[in-house]
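> Output the structure for:
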Amino acid sequence: MRSQQERFALAKVVAANPAMLRVKPAASLFMTRYMRQFPIRRFGRNLILHSHLPPLTGAAYARFVDHHLVGRRPGPSHAQVGLTNACPQNCEYCYNKSRSGRPMDTATILRVIDDLRDAGVAWLGFTGGEPLLNRDIVDVTAHASSTMAVKLFTTGVGLTAQMAADLAAAGLFSVAVSLDHWEEARHDASRRYEGAFDAAMEAISILRRVPGIHVSVSSVLSRQMIRNGDVNRLISFLESLGVDEAWLSEVKPSVEDFWDEELVITEDDRRALCRLQDHHNRSVRGRGRMEGMTINYLGHFEGAENFGCNAGCKMVYIDAFGEVSPCVFLPLSFGNVRERALGEILAEMREHFPGENRCFINKNYRLLGSGKYGELPLDRPQAIAALDQVKFGPQSEFNRRLKGAGS
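Residues are numbered from 1 along each chain as shown. Okay, here's the model as predicted:
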């Protein structure tokens, strides 16, 4: 049961988004049930379910409801943009390892943001590389934040108290600091950077002192961690840091070192993490207060029972060189924003990515890594040739309800 505070918060969400009353009943019922799985938290003026959705009382969520739940427009609702590919760390599982080219300048990044806004994007993630190395990150954030919910993914390296305050003033709503292990040596080793753990801990400390910022930790989990119970110990450690959210994802087979069936999670592994998330979040909600750390596992959001994998249709990625990909984990490009209009690239990509009920890269990494279609990342002709061999699965529960016939 929702606490009285949470019921009042939900009433405020509906009041801020009257278009929710026009959402297709089947989809509206789905959203109601989905929201019940998470505690609602207040951050300044924002009510936040978790950081993979815009704040529920903000302009970005209103656009999400209007464009995607009511209008059911075909464009993306979520996007990530690489602000730089430069990074002091060298993570063993980094999905950007093989990407290269001429970096986008600030004017191009701002144009990309405008084009994404026009396409319907309501949630925008800034990634890299280390995005803090882009000297114009505050101005870029301010440009995007009036109509999109902006989230930052960072190693924490280079963050200062002044920069954190400036980003908050520019409209940043959430920051995810990378932290994969409670042991300093283990985190530094996976990041191949001495001091990675200390930088992350310092960044978390700085961000927690900034009013109104939602602070999460982004933790990448190996299959071994999932199976031997280490995730529970990691969750306890993250709770002790006082962060607002544990944003979890498994290691994705985006690079050759992880094209191994023994390293890729199974559906049973995914469901185990979903159960862990649900149990933890029920416990937080049961306290009856709008506080406590939320677990937000990407595989739960993208599971068949929820929103599914929407790479290439509702989620897109523009890397630091302007190449347009279905998502950050997919090493293929449908074109460069300097050479083709972004709207045109997105429309073509949607023709090849209808969405399905499973993570695309977890399912198809063998095909992309076979070498048959070229070296990664695949260019547009190579990507299309590979995708002609892909058999997409059924739609997720959400998309089935939203797109299905009848009311």
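> need the strands for the stretch 201-350 of the chain, in chain order.
Using DSSP state E, counting those that start in this stretch, the strands of the stretch 201-350 of the chain run over 214-221, 245-250, 294-297, 315-318, 324-325.
> Would you mind giving those strands as JSON lines with mean neighbour count, mean pLDDT and distance to R271 added?
No exception for glycine: its C-beta is placed from N, CA and C like everyone else's. What follows is those, written out as JSON lines (neighbours: other CB atoms under 10 Å; pLDDT from 0 to 100; distance: least, CB to CB, whole Å):
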{"stretch": "strand 214-221", "mean neighbour count": "24", "mean pLDDT": "98", "distance to R271": "14"}
{"stretch": "strand 245-250", "mean neighbour count": "24", "mean pLDDT": "98", "distance to R271": "12"}
{"stretch": "strand 294-297", "mean neighbour count": "24", "mean pLDDT": "98", "distance to R271": "11"}
{"stretch": "strand 315-318", "mean neighbour count": "26", "mean pLDDT": "98", "distance to R271": "22"}
{"stretch": "strand 324-325", "mean neighbour count": "26", "mean pLDDT": "98", "distance to R271": "28"}
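> Which among these is found nearest to D115?
In this view, those are compared for proximity to D115 by CB to CB, and strand 315-318 is the closest at 9.2 Å.
> Relative to R380, how far out is the residue most central in space within the chain?
With distances taken as CA atoms, centre = their mean, the residue of the chain nearest its centroid is H52 (5.5 Å). When CB to CB, to the nearest Å is the yardstick, H52 and R380 sit 28 Å from each other.
> and if you look at V316?
Between V316 and R380 the distance, using CB to CB, works out to 14 Å.
> wait, what's in contact with H78?
H78 is in contact with H52, V121, A122, W123, L124, G125, N310, K314, M315, V316, counting by CB atoms under 8 Å, 6 or more residues apart in numbering.
> ditto for D268
With the criterion set at CB under 8 Å, 6+ apart, D268 makes contact with nothing.
> Helices of the stretch 251-400 of the chain, start to end?
Chain-ordered helices for the stretch 251-400 of the chain, with DSSP state H, counting those that start in this stretch as the definition, fall at 267-286, 298-301, 342-352, 360-368, 380-387, 397-403.
> A168 belongs to a helix?
Yes. Secondary structure assignment (DSSP: H, G, I helix; E, B strand; the rest coil) places A168 inside a helix.
> Renumber starting at 228 from here on
Happy to do that; since the first residue is 228 now, the last one works out to A395.
> Most tightly packed of the helices of the stretch 478-627 of the chain?
Each of the helices of the stretch 478-627 of the chain was scored by mean neighbour count; the highest is helix 525-528, a mean of 22, by mean count of other CB atoms under 10 Å.
> What separation do you get for G298 and V292?
9 Å.
> Looking at the two, which one has more neighbours?
Residue environment comparison for G298 versus V292 gives the larger neighbour count to V292, 24 against 12, counting by other CB atoms under 10 Å.
> What's the local residue count around the nearest residue to R418 once chain neighbours are set aside?
If you skip the residues right next to it in sequence, R418 has Q316 as its closest partner in space, 4.5 Å away by CB to CB, 6 or more residues apart in numbering. The burial metric for Q316, expressed as a neighbour count using other CB under 10 Å, is 19.
> Let me have the strands of the stretch 428-577 of the chain in a markdown table, extended by distance to D393.
Rendered in a markdown table, the data for those read as follows (distance: least, CB to CB, whole Å):
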| stretch | distance to D393 |
| --- | --- |
| strand 441-448 | 16 |
| strand 472-477 | 22 |
| strand 521-524 | 26 |
| strand 542-545 | 24 |
| strand 551-552 | 29 |
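> So which of these is nearest R329?
Across the strands of the stretch 428-577 of the chain, R329 has its closest neighbour in strand 542-545 (13.9 Å, CB to CB).
> for that closest one, packing partners?
Under the contact criterion of 3 or more CB pairs under 8 Å, 6 or more residues apart in numbering; DSSP states H and E, the helices and strands touching strand 542-545 comprise strand 305-309, helix 333-346, strand 551-552, helix 569-579.
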